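>>> when you get a sec, could you give me coordinates for this:
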Amino acid sequence: TLSRRPVAPAPQKRISPAPMLFAMRPASKLPQRVGIARAVRVLSTSARPVPSCVGVSPRGDITSEDVVAAQAAWSNAITGITKVYQEGGDFVAAAGYCAGELYGYGHSNVLFKPTRATNNPFRPTGEDAMAYFVGAEAMKNDKFKGEDGGFAINGGQGWSEVVFRNHQIDCNGNTAIAMGDYLFTNATTGDVGRVEYTFGYKKNDDGKMRIFLHHSSMPYEPTAAASATAEPVEEALSMWAESIAKQDALLRDARVRVSGMSKP
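Predicted coordinates:
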């Protein structure tokens, strides 16, 4: 399970920022208000589910263990969609299946802010989210062309592993919030990318807990300051000394002229 995995990438792997994921419910279960008509046109009804992507159904209040299990299912969804894509299967429908298990579209409002969205940073509907997940081309959605290339297949390279590293989990009855970072391993290159997250989970009417809040961002990278070398420092000191000398000369000249004017 996810809790047994190491919390840091192997030393030889290069850490670089990675884009962020979202998801939505399968098109067959989406209400009209979240774009079922368009989603139905691209999702296959014969798509096989991803066996390891199963939503969590808490027996009572949501616990930290439930959150960790939901995160494991989310990780399995990413690697499972990659597998379907690499085998030439219907990865769009597989993504829709996983999204229906994990995200609350159609059950509640979903506050989703993906990492690399530009003109459309917030995705309140399942149709909006699906474009980010599988790409505007796959969804035949002109609104997001040039912005949404599809995260789940990672530009064809796929993902081989996703590891959650929770900073804190706060459980409050039928809801829970988790904050931390996760590591995405590129299935082709082995490179690892890190993204920081906040996830909110809510227990829905059917007993399953699903994501109602998903915000992610790249780690802050301050602009590297130019390294100080002897040459620019000496040049700056020379300019400063020259400026002081000029000011001193001007003051002496002013005193002489004023003194001369005051003589009878």
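>>> where does the stretch 101-250 of the chain have low pLDDT?
Within the stretch 101-250 of the chain, the stretches with pLDDT under 70 are 115-117, 131-132, 135-136, 148-149, 224-231, 233, 250.
>>> all helices for the stretch 51-200 of the chain, in order.
Secondary structure of the stretch 51-200 of the chain, counting by DSSP state H, counting those that start in this stretch: helices at 64-86, 91-102, 126-134, 136-139.
>>> tell me which residues in stretch 63-70 are buried?
Judged by neighbour count using 16 or more other C-beta atoms under 10 Å, the buried positions of stretch 63-70 are 66-70. Every C-beta, even on glycine, is put in place using the N, C-alpha and C of the backbone.
>>> quick one: average confidence on that stretch?
What stretch 63-70 shows for mean pLDDT is 98.
>>> let's number from 5 now, not from 1
Let's use 5 as the start, then, which means that last one is stretch 67-74.
>>> could I get the CA-only coordinates of it as CSV?
Provided in CSV are the C-alpha atoms of stretch 67-74 (Å, rounded to 0.1, in the frame of the first residue of the first chain):
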residue,chain,number,x,y,z
THR,A,67,-10.5,8.5,9.1
SER,A,68,-6.8,9.1,8.2
GLU,A,69,-6.7,5.5,7.0
ASP,A,70,-9.6,6.2,4.6
VAL,A,71,-7.7,9.3,3.2
VAL,A,72,-4.5,7.2,2.7
ALA,A,73,-6.6,4.5,0.9
ALA,A,74,-8.2,7.2,-1.3
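>>> so where do the strands sit in this structure?
Here the chain has its strands, by DSSP state E, at 19-21, 115-117, 163-176, 179-190, 196-207, 213-221.
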